[in-house]
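Novice: generate coordinates for the sequence data below:
(chains A and B)
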Amino acid sequence: MSLLIRNGRVIDPANQIDAIADVLIEGSTIARVGPKLSAPEGAEIVDATGKVVCPGLIDMHVHLREPGYEYKETVATGTRAAAAGGFTTVCTMANTQPVNDNRSITDYILDKARSEGRVRVYAIGAVTRGLGGEELAELAELAEAGCVAFSDDGKCVMNANLYRRAMEYTLPFGTPVISHAEDQHLSKGAAMNEGVVSTELGIPGTPAAAEDVMVARDILLAELTGAHVHIAHLSTAGAVRLVREGKARGVRVTAEVTPHHLTVTEEAVRTFDANTKMSPPLRSKRDVEALIEALADGTIDCVATDHAPHALSEKEGEFDHAAFGVVGLETAVSVLLDRLVRPGLVPLPTLVARMSRGPARLLNLPGGSLATGAPADVTILDLDRELTVDPTKFHSKSRNTPFAGWALRGGPWMTIVNGKVIWR
Amino acid sequence: MAWTRKDLLAMRDLDAAEITLLIDTAASLEEIATREIKKVPALRGKTVVNLFYEASTRTRTSFEIAGKWLSADVINFSASGSSTAKGESFIDTAKNIAAMSPDVVVVRHSSAGAAAILARELKCGVVNAGDGAHEHPTQALLDLLTIREKKGHLDGLHVAIVGDIAHSRVARSNIHGMRKLGMTVTVAGPPTLIPPHIQELGVKVAYRLEDAIRDVDVIMMLRLQHERMTPGLIPSSREYSHYWGLTLDRLAAHARPDVLIMHPGPVNRGVELSPEVADGPYSVILDQVAKGVAVRMGVLFLLAGSRNAGD
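Specialist: Next up, the predicted model:
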């Protein structure tokens, strides 16, 4: 079975391609990229004139919630949301119930993904047993079962010695540890960023320093151990500076940023809408500017949504009682195209790189490229598509987005996984 | 000037004319307290629900008396602790109350924003009677009314607010209200009880009681909000009282002879205020309580009465 994507603007940062070209898929791999390819007999033709054809987008930080929290999301619904958002691959975090801290849970997640998943799913294993922060999970077995990274995401491993040991122990596996950088003493009781807005609202705030001290610690531990530490959801100007310095010194540190931290500030909390509550919190304008600059200059390696579905009952009430987190899979591309690419803050090829080749490289995933022989995962974007974010139309089980009602231009147009069109 | 808002949620939302209207309305209703028969028919047939999620004696009673003097039917609904203590969510409770068609819901809650969330859910008027450490607008209004009556005016006065600013909704509402009416505000307390960037709200900050109370027209003392405080903010109540307790000696040494001493209550005697100060000639603490009823009558009247007039 062949598929020929004709006449689109092909952006493939891994192979320095940005040109009008055709992409030919044979079976489940990319066969060729080039101008005016002839269609093999019986090939399905997709006319991508005026569209942007890029490697399938990868979201290395999502919460599919299965097993345990199926009322928020499942592998089936979360991967449908991914497909509709233009993502061909997601990596799901370990804070399920039971926690993904042992092989049977990893097997369960990957089995579900094979039978019910719409896109590729990789699992991220817990660093510590039960996310308790006290003893290492069986990391070698988790790696063997297929975990592509290790993280206690949602919680910070506060014990520096234990985190050091996790970095050392996983070194032979070639898997990064992903740090949820948050000093839990500094952030205790907080529900938003600390600043003049938290002061006015009377909501306890967490200072940027709660993130920065842990980013500094983890960079130093990575330097000590030679391990690769990846900082999840970077949100402060201080953390950007630390990562930039770490990289300049040759430390193996990488970082991701979420669409909401790139486009929304703490001012949004004035609505008391719990869909503006997440961890780390929405920060200041100055932080947002630093994050955008860092995404553009490569200090930040990739965009990840931290897709964190919660039921309405967990998000509609009092702000301080509400759950932390927002969904992101179905809005990320449109938000970033409209708010970063259209105003010229981040060039389109850079954004594509940060959402495909970037995460693929740092997790050693096979995707992120349109090279001959690469998996036939392709995302096609329509830069002119106009939409208004309507949470009731989400494929996700949950509706907790800070972007409801946003009028946006640009978005996914077609998602192809393994040579098959799975969403259009 | 006419009142146009459905709700009274925060002093930050109001402009100077609206604040003045609220105070003037309260002042015009004050004399009801002196009547033999304390009842006017202004809100006859109207229903006011007091929805109190936090323990309160003074504020709830004040709203209840205010409603009754205006002939409204006043219903008290108390839910202890968090909204989920009984298993019913805050939003569900709100929807249930809405189904009973009240005219005004007065809400106190430990969560900042609770009144705003309720106001979004309900068609009727909502009065914020204190939401976490966010705002307590009727307290600020009664403080302003008290000061205006004692001093004759508000513009140009200098007020020191002393104590646990970080956890005080009274401080926040007063800062907004006083700044809008042309007053100068100094907040004072140990740095751990002064929230970050508060200068951006247009106030001065002092870290010594003596500096804070010098040359001000009004000293507003706040209580330590132990129920909202995390450990480690102050070493001990003893040390706090030693450096921040207002005594007659300190007043005589540093404050003006015509200074007003205010406190939103309840007073922790011997901690932030010595009994001699609380009961002394400078103190207008009980005037504040009396003005509280007038302010709440004014608020209920503007929310429930004028809406009716517009129908």
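
Novice: which of the residues in the helix or strand encompassing B:Leu22 are classified as buried?
Specialist: Take DSSP states H and E as the rule and B:Leu22 turns out to sit in helix B:16-29. With burial defined by 16 or more other CB atoms under 10 Å in any protein chain shown, the residues of helix B:16-29 counted as buried are B:Glu18, B:Ile19, B:Thr20, B:Leu21, B:Leu22, B:Ile23, B:Thr25, B:Ala26, B:Ala27, B:Leu29. All C-beta spots, glycine's among them, are computed from the backbone N, C-alpha and C.

Novice: helices or strands up against it?
Specialist: For helix B:16-29, the contact count by 3 or more CB pairs under 8 Å, 6 or more residues apart in numbering or on different chains; DSSP states H and E identifies helix B:137-151, helix B:169-180, helix B:285-300 as packing neighbours.

Novice: tell me the helix or strand right after that helix.
Specialist: Once the chain leaves helix B:16-29, the next helix or strand it forms, by DSSP H and E, is strand B:47-52.

Novice: confirm for me that A:Ile107 is in contact with A:Cys147.
Specialist: Quick fix: residue A:107 reads Asp, not Ile. No: using CB atoms under 8 Å, A:Asp107 makes no contact with A:Cys147, being 10.8 Å away.

Novice: before we move on, the earlier item: tell me the gap between the helix holding B:Leu22 and the middle of its chain.
Specialist: Averaging C-alpha positions (CA atoms, centre = their mean, to the nearest Å) puts helix B:16-29 15 Å from its chain's average.

Novice: any idea of the mean pLDDT for it?
Specialist: If you average the pLDDT over helix B:16-29, you get 98.

Novice: and the helices in the chain, which stretches?
Specialist: Let's take chain A. Along chain A, the segments classed as helices by DSSP state H run A:75-84, A:103-116, A:139-145, A:160-170, A:196-201, A:208-225, A:237-248, A:259-263, A:285-297, A:332-336, A:348-355, A:357-363.

Novice: not what I meant, chain B
Specialist: Here chain B has its helices, by DSSP H, at B:16-29, B:58-69, B:90-99, B:114-121, B:137-151, B:169-180, B:209-213, B:237-244, B:248-254, B:275-278, B:285-300, B:306-310.

Novice: counting neighbours, show which residues of the fourth one come out buried.
Specialist: Pointing back at helix B:114-121 there. For helix B:114-121, burial by neighbour count (16+ other CB under 10 Å) applies to B:Ala114, B:Ala115, B:Ala116, B:Ile117, B:Leu118, B:Ala119, B:Glu121.

Novice: alpha carbons of stretch A:403-419, as PDB, please.
Specialist: Output of stretch A:403-419 as PDB, limited to C-alpha atoms (Å, rounded to 0.1, in the frame of the first residue of the first chain):
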ATOM      1  CA  PHE A 403      -7.600  28.000  25.900                       C
ATOM      2  CA  ALA A 404     -11.500  27.700  25.800                       C
ATOM      3  CA  GLY A 405     -12.900  30.300  23.400                       C
ATOM      4  CA  TRP A 406      -9.500  31.300  21.900                       C
ATOM      5  CA  ALA A 407      -9.800  32.200  18.200                       C
ATOM      6  CA  LEU A 408      -6.800  30.700  16.500                       C
ATOM      7  CA  ARG A 409      -5.500  30.400  13.000                       C
ATOM      8  CA  GLY A 410      -3.600  27.300  11.900                       C
ATOM      9  CA  GLY A 411      -3.800  23.700  13.000                       C
ATOM     10  CA  PRO A 412      -3.400  20.100  12.100                       C
ATOM     11  CA  TRP A 413      -5.000  18.900   8.900                       C
ATOM     12  CA  MET A 414      -4.100  15.300   8.600                       C
ATOM     13  CA  THR A 415      -2.300  12.800  10.900                       C
ATOM     14  CA  ILE A 416      -0.600   9.700   9.400                       C
ATOM     15  CA  VAL A 417       0.800   6.900  11.600                       C
ATOM     16  CA  ASN A 418       2.700   4.000  10.200                       C
ATOM     17  CA  GLY A 419       1.600   4.900   6.700                       C
END
